Structure formats: C-alpha cells, structure tokens
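Asker: compute the structure for the input listed below.
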Amino acid sequence: MRGRYLLAVGLGLLLGIALTQWGATLMRVHGASMEPTLEDGEWVLVVREPLAHLLGGMGSRAEPGTVVVVADPAPARAGSAAARLPSPLAGLFAKLLVKRVAAVGGQVVALVDGKVEVDGAVSPEPWLDGVPSAHVSYPAVRVPPGTVFLLGDNRLPLASRDSRQFGPLGTTSLRGRVVAHVRWPVARGAWRWPVAQVR
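Answerer: Below you'll find the model as predicted:
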C-alpha cells in the first residue's frame, strides 16, 4: 500500500513538472519593465512552446509584438540553485524574463526618440497608445538569423534590461508565450473577467 502511495505521489510530481515545463503555467511578473502592459505582482498565463506548437494557430514564437518568456542570459549567481545543478537541469531553475519581441532575424531595428523602427518604418505599438514615451534612442542593428530582439514596454531609463543590454537572443532561449492576464474577478467594486488577453 505504501509503495502505491509513493508511486502516485511520484507520478503526480512528474506530471506537474511536465505540465509546467512543456504545457502551460501561471507566472508572476516581477518588476516594472513591461508596464503598462503587465504590472509588478500580476499573474499571467504562459503557454510553453511545445504546447503552442501542438495547438497551432498561436502564432510564431518569434513574431514581432508577441510577449514572450525568455531564459535570462545573465549567468546564474554563485550559490543559487541553478548554479549548483548540472547544465541540463539548470535550465529548469533559470531566472525568466518577460519581454516583447521587437524584431526577428534579418530585420533592422532601432529606437528613435522612444519609437521602435523596424526596417526604417515606425512599428505600431497599440499597447502603448496614450502612454507618455521616454525619449530614448538606440542605434540601428541588424538582427542575426535565428535570433530575436527583445524590448520591455517600459522605455524609461533603467526600467528594462533587454536586448539593448544583452543583445539579440537565440529563439531556442524562448520558453513560452504570455497569452493572458489572470486577475481577481472584482476590481473597484465591479465584476470583470478573471482572464483577459494580453495585447
């Protein structure tokens, strides 16, 4: 009887890990780098790449405008759980960042007075309509094939650590797509849907 109980617990843990790593998971946003789209402390639903691929119709993981979860390219801090594990397992505990794909391989991307330009044309960003823009600039760079250029929606100085600091990232570092806000159904005394699409 005890063996069956341990087997059931073990299988449950494996199923939970498989679901969160290859299916869908809830994640909490930390920091202000994606404001106003995502706020600090907010919960989001992330569809992992294997499930998104199976479902189809979710759009390419490297599509400009998509909000993605990516493994932090910074090396793990000495003494952290990820630093103590063998490299195949360290990825399970890597710090994750939430950013937006600004451009993909082959495109030329720049920031001009706070506006994203892709291949010389201003890229529409309806998720930032009405939000004061920081007047920041970044020189034009061609994104190498097989990589993406990521930006935070918050362009204020020091608000977002993104491809302006660590450069374009390989598409293999993308862990999933942020598809929905998950929120309390009552806000300011009014009912609202507990799940809302992320723009």
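
Asker: identify the residues contacting residue 67.
Answerer: 34, 37, 38, 98, 99, 100, 101, 177, 178, 198 (Cβ atoms under 8 Å, 6 or more residues apart in numbering). Yep, even glycine has a C-beta here, placed from its N, CA and C like the rest.

Asker: how near is the last one to residue 73?
Answerer: Right, the one you point to is residue 198. Counting by Cβ to Cβ, to the nearest Å, the gap from residue 198 to residue 73 is 23 Å.

Asker: follow-up on the earlier one: closest to residue 46 among the contacts of residue 67?
Answerer: Minimum distance to residue 46 across the contacts of residue 67 is 5.5 Å, recorded for residue 178 (Cβ to Cβ).

Asker: so the closest one sits right up against residue 97, yeah?
Answerer: No - counting by Cβ atoms under 8 Å, residue 178 does not reach residue 97; the two are 11.2 Å apart.

Asker: how about stretch 41-49: buried residues?
Answerer: Buried residues in stretch 41-49, counted by 16 or more other Cβ atoms under 10 Å: 42, 44, 45, 46, 47, 48, 49.

Asker: show me the strands in this structure, by range?
Answerer: Using DSSP state E, the strands of the chain run over 24-28, 43-48, 67-71, 96-104, 108-112, 115-118, 121-122, 138-142, 147-151, 169-170, 174-182, 186-187, 190-191, 195-197.

Asker: higher neighbour count, residue 198 and residue 73?
Answerer: residue 198 (19 against 16; other Cβ atoms under 10 Å).

Asker: how close does the residue most central in space within the chain sit to residue 96?
Answerer: The chain has residue 69 as the residue nearest its centroid, 2.3 Å off, counting by Cα atoms, centre = their mean. Using Cβ to Cβ, we find residue 69 at a distance of 5 Å from residue 96.
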